[in-house]
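Asker: Kindly generate the corresponding structure for this input.
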Amino acid sequence: MLLFAWGASRVVVHNIIPKIHMDNKLLENNVHKLATDVAQSVDKNYWIFGGIYLALGAIAFLAAYFLGRGSKPAKLQSVPAAKQNAPPAPKPQTKQQTPKPPRKIQG
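Answerer: Residues are numbered from 1 along each chain as shown. Okay, here's the model as predicted:
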C-alpha cells in the first residue's frame, strides 16, 4: 500500500495533471487544483492505512519472534537400547470360533 501511495502520487502529479489542457485557462487551473486535491486526499489515506498495516505486521512479527523464545521444543523420549533390539512382544491369542453349519430349510 505504501508503494502504491508513493507511485500513484508521483504519476498523477507529474504525468497526468500536466497533460490536462483546456481552452479556458481559469477552468484548467480549477481542474488542476481539483485533481491535485483528490490525488493528495487518496494518497494521504493510502499512507495512513499502509503505515497501520506495516506497524501491525511488525508488531506481529516481533511478538512471534520474542514470545516464542521462552518455550523450548519438547524433547522426544528416547527408548532404552535394550528395548530397541528386543523382539516385538507376542500378540495375545484370541479364542477361535468354529463356524456353525448352515441351517436346513424344511418345507
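
Asker: Retrieve the pLDDT associated with the residue nearest the centre of the chain.
Answerer: Nearest residue to the geometric centre of the chain (CA atoms, centre = their mean): residue 57, 10.6 Å. Residue 57 is assigned a predicted lDDT (pLDDT) of 93.

Asker: Return the distance of the host helix or strand of it from the chain's centre.
Answerer: Using DSSP states H and E, residue 57 sits within helix 25-67. Its chain's C-alpha centre and that of helix 25-67 lie 22 Å apart, by CA atoms, centre = their mean, to the nearest Å.

Asker: And residue 19, its phi and psi?
Answerer: When read as degrees, to the nearest 10, the backbone of residue 19 gives phi -90, psi -10.

Asker: Show the contacting residues for it.
Answerer: Residues counted as contacts of residue 19 (CB atoms under 8 Å, 6 or more residues apart in numbering): none. To be clear about C-beta, it is placed using only N, CA and C from the backbone, and glycine gets the same treatment.

Asker: how near is it to residue 28?
Answerer: Taking CB to CB, to the nearest Å as the measure, residue 19 and residue 28 are separated by 11 Å.

Asker: Check residue 67 too.
Answerer: 58 Å.

Asker: For those two, indicate the residue with more neighbours.
Answerer: Using other CB atoms under 10 Å, the more surrounded residue of residue 67 and residue 28 is residue 28, with 13 against 9.

Asker: Run a quick neighbour tally on residue 30.
Answerer: Residue 30, neighbours per other CB under 10 Å, totals 12.

Asker: swap that for residue 31, please
Answerer: Residue 31 has 15 neighbouring residues, counting by other CB under 10 Å.

Asker: Now do the same for it: its pLDDT.
Answerer: 88.

Asker: My read is that it contacts residue 18, right?
Answerer: No - look at residue 31 against residue 18 with CB atoms under 8 Å: they stay out of range, at 11.9 Å.

Asker: if we can go back for a sec, so what's the residue nearest to the centre of the chain up against?
Answerer: Counting by CB under 8 Å, 6+ apart, residue 57 has no contacts.
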